[in-house]
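Undergrad: here is a sequence with its predicted model. Questions after.
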Amino acid sequence: MKSKHWMMWMTAGLLAAVAVGSGCKKKTTGNGTGEGANSGGRMGTDMGESRLATRPDMSTTEIPSQFAPVYFDFDSSQIKGSERAKIEIVAQRFKTSTASGVIVEGNCDERGSAEYNLALGECRALAMRASLMDLGLDTAHIQTKSFGKEKPVAPGHDEEAWAKNRRADFVLFK
């Protein structure tokens, strides 16, 4: 029993060390078997949110909007040039709306481990956050959240479905 607890704490410590040290740098996959075949990376759930001044709470109202998702290449958090116009639309709409903040939700396809995809989803959300800041939005109004592979929009198991699930979504809130 004692060794089981020791192993659990060692694993937790190792994950924490990786989370602090790895950031959102591109990871290379050794065998190319799927997104995140290299299961290293940091835990990605709401890590960006802890640095923000404004946070949605139970009284927060989501503002209905139809923003186009920003899509990513396989195993990447790099924003493609063809997707930048979508980010500009979000920034412009935020500046002219009554919204008090925007949540950027990072998503991945089904390939790779849950941990890796949470980290990659967070890296995607943070890349989007940086782009919104470059367009003049205050960091205090931008939150990030990673869903990893837990919120697919396309249920298939092929490249067409995977491409639709490698995305960042936007939610404005009051």
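TA: Received it, and whenever you're ready, just let me know what you need.
Undergrad: work out for me the element Arg124 sits within.
TA: Using DSSP states H and E, Arg124 maps to helix 114-134.
Undergrad: what do you get for Ala168?
TA: For Ala168, the element it lies in under DSSP H and E is strand 167-173.
Undergrad: who are the packing partners of that strand?
TA: strand 62-63, strand 70-71, helix 84-96, strand 101-107, helix 114-134 (3 or more C-beta pairs under 8 Å, 6 or more residues apart in numbering; DSSP states H and E). (Glycine included, C-beta is placed from N, CA and C.)
Undergrad: orientation of that strand relative to strand 101-107 in degrees?
TA: If you take axes from the mean of the first three to the mean of the last three C-alpha atoms, to 10 degrees, strand 167-173 sits at 160 degrees to strand 101-107.
Undergrad: could you give the mean pLDDT of strand 167-173?
TA: Computed over strand 167-173, the mean pLDDT rounds to 93.
Undergrad: between it and helix 84-96, how big is the angle?
TA: Using the same axes, to 10 degrees, strand 167-173 lies at 10 degrees relative to helix 84-96.
Undergrad: alpha carbons of stretch 96-116, as CSV, please.
TA: Listed in CSV are the C-alpha atoms of stretch 96-116, where the atom choice follows Å, rounded to 0.1, in the frame of the first residue of the first chain:
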residue,chain,number,x,y,z
THR,A,96,-18.1,46.6,-30.5
SER,A,97,-20.2,44.3,-28.3
THR,A,98,-21.4,44.5,-24.7
ALA,A,99,-19.3,41.4,-23.8
SER,A,100,-17.1,41.6,-20.8
GLY,A,101,-14.8,38.7,-21.9
VAL,A,102,-14.1,36.0,-24.4
ILE,A,103,-13.3,32.3,-23.7
VAL,A,104,-11.1,30.5,-26.2
GLU,A,105,-11.7,26.8,-26.2
GLY,A,106,-8.9,24.5,-27.5
ASN,A,107,-9.9,21.2,-29.0
CYS,A,108,-8.2,18.2,-30.6
ASP,A,109,-9.1,15.1,-32.6
GLU,A,110,-9.4,11.7,-31.0
ARG,A,111,-5.9,10.5,-31.6
GLY,A,112,-3.4,10.6,-28.7
SER,A,113,-3.8,10.3,-25.0
ALA,A,114,-6.2,12.4,-23.0
GLU,A,115,-3.3,14.2,-21.2
TYR,A,116,-1.5,15.0,-24.4
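Undergrad: buried sites along it?
TA: 99-113, 115-116 (16 or more other C-beta atoms under 10 Å).
Undergrad: and the nearest residue to Ile87 once chain neighbours are set aside, how many neighbours?
TA: Residue nearest to Ile87 in three dimensions, not counting chain neighbours: Ser131, with 4.9 Å by C-beta to C-beta, 6 or more residues apart in numbering. When neighbours are defined as other C-beta atoms under 10 Å, Ser131 has 22 of them.
Undergrad: many thanks, I have nothing further to ask.
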